[in-house]
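Asks: give me coordinates for this.
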Amino acid sequence: MDFLFSTGMTYWHWWSLAAVLLVLEMTAPGVFFLWLAFAAAITGFAKLFLAGLGIEIQLLVFALCGVVATFAGRRWLVHRTGQEPDDENSEDLALNQREAQLRGRIITLPQDVSGGETRVTLDGTTWRLYVDQPLLAGQQVRITAIKGTVLQGEALAD
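Replies: Numbers count the residues shown, from 1 in each chain. The predicted structure is shown next:
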């Protein structure tokens, strides 16, 4: 840090930082580094036009511009896309929730159900399936619940 205080930062240091932040933006997910790059570029322009700015003021300008640019950029993105950038608006709300993915799903039995139990394969995973009545292969069953690794099902009327 002493190096910065002794030599000072020029506008091209800030513009170089903005370029590095833009490269980081391209390699990292999200849109956070873009706003910091914008703040670094603004700080570079401030240093160019106000040559007497000390490093403390430059860092303060960068910090303030970074905060303002981040909040303004987020607001702009929300307005542009029409949705909040969070998990509630993801396309698949049942992602990583196995029970929510399988409940209500209708499957065709690959084999007869004897003793109320059979095995079925769904999405590459083999499950035990319990139903309350004997069923023949080819009949359809709706999954009603999951208890641990066991599916509960009910027969659909033919």
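
Asks: okay, CA-based contacts and neighbour counts for the rest of this
Replies: Fine.

Asks: how about low-confidence regions in this protein?
Replies: 1-7, 83-99, 158 (pLDDT under 70).

Asks: just the strands from the protein, written as ranges.
Replies: 106-108, 117-122, 125-130, 140-147, 150-155 (DSSP state E).

Asks: in the longest helix anywhere in the chain, what's buried?
Replies: Counting by DSSP state H, the longest helix found in the chain is helix 55-81. With burial defined by 16 or more other CA atoms under 10 Å, the residues of helix 55-81 counted as buried are 55, 58, 61-63, 65-66, 69-70, 73-74.

Asks: ok, stretch 101-108 next?
Replies: 102-103, 106-107.

Asks: gap between the two ends of it?
Replies: This stretch, stretch 101-108, spans 17 Å end to end (CA to CA, to the nearest Å).

Asks: likewise stretch 126-136?
Replies: Chord length of stretch 126-136, first to last residue, is 19 Å (CA to CA).

Asks: show me which pair in the buried residues of stretch 101-108 is furthest apart.
Replies: Among those, the pair separated by the greatest distance (CA to CA) is 103 and 107, at 11.0 Å.

Asks: report the set of residues contacting both of those two.
Replies: Shared contacts of residue 103 and residue 107, defined by CA atoms under 8 Å, 6 or more residues apart in numbering, comprise 142-143.

Asks: rewinding a little: now, which of the buried residues of helix 55-81 sits nearest residue 8?
Replies: Among the buried residues of helix 55-81, and counting by CA to CA, the member closest to residue 8 is residue 55, at 6.5 Å.
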